[in-house]
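Asks: sequence unavailable; structure follows:
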């Protein structure tokens with residue numbers, strides 16, 4: 001930060017017109033209140049120019065290679081043994097954001113290796129992802145995948161190959177336990193008014209949903225599983 005403050009000339013900050021425009025306005029301004037404008041370059045992670053450049057890069061990728069085929073969300077699980085085994089007695093995940101972030105980053109790298117390089121879903125030619133933090137401090141990523149043109153998702157069979165709305169076989173105990181514990185929407189009908197998804201007596205996630213024997217593509221191209 002100190003380098004950026006003292007090297008504004010090298011960053012060509014004089015080309016940014018915000019402060020000059022403010023001083024040029026036909027209003028009475030106290031120069032002491034306006035202060036000195038410090039510009040953060042696109043190389044400063046998280047700055048407005050960094051975010052705009054990342055957005056423009058993402059749009060350029062989509063314009064060149066086509067729309068993404070998969071929108072994948074990967075969320076940190078506070079019960080991962082790598083996290084729980086390192087907590088001291090009496091500690092919770094809220095006490096160790098450093099531990100949570102490091103474990104999650106290792107998991108993300110492993111996920112990207114498998115999905116984008118090993119081809120777990122299909123041959124990925126480009127990926128775009130962003131990290132977010134939930135209110136309770138747990139991180140998650142939203143990952144967009146663009147498949148090779150020959151493997152793009154174009155019909156119901158492609159959707160069923162990637163997504164299942166059925167419970168896995170009980171003989172696969174680990175997968176069955178994970179799905180039933182982490183991926184099922186719990187009861188939230190009017191008989192359960194205190195659950196978090198209920199707003200004015202209606203589930204904001206639109207459950208419970210109508211049952212369908214087969215997957216279809218809705219009018220807006222979203223899949224109905």
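Replies: Yep, that arrived. Everything numeric here is computed off the predicted structure, so don't read it as measured data. Numbers count the residues shown, from 1 in each chain.
Asks: if we ignore the residues flanking it in sequence, what's nearest residue 168?
Replies: Leaving out its chain neighbours, the residue that sits closest to residue 168 by CB to CB, 6 or more residues apart in numbering is residue 175, at 4.6 Å. For glycine as for every other residue, the C-beta is placed from the backbone atoms N, C-alpha and C.
Asks: mind checking how far that neighbour is from residue 70?
Replies: Remark: distance between residue 175 and residue 70 (CB to CB, to the nearest Å) = 20 Å.
Asks: Three-state assignment for residue 8, please.
Replies: coil (DSSP: H, G, I helix; E, B strand; the rest coil).
Asks: what distance do you get for it to residue 39?
Replies: 6 Å.
Asks: related to what we said a few turns ago, so residue 175 and residue 70 - more neighbours on which side?
Replies: residue 70 (17 against 13; other CB atoms under 10 Å).
Asks: so what touches the helix or strand where residue 104 lies?
Replies: Element membership of residue 104, judged by DSSP states H and E, is helix 97-112. In this structure, residues lying in contact with helix 97-112 by CB atoms under 8 Å, 6 or more residues apart in numbering are 74, 76, 78, 80, 82-83, 86-87, 93, 127, 129, 137-139, 141, 143.
Asks: try it again at 6 Å.
Replies: Contacts of helix 97-112 with the rest of the structure, by CB atoms under 6 Å, 6 or more residues apart in numbering, involve 74, 76, 82-83, 86, 93, 137, 139.
Asks: could you list the low-pLDDT ranges of this structure?
Replies: Low-confidence segments of the chain, defined by pLDDT under 70: 12-36.
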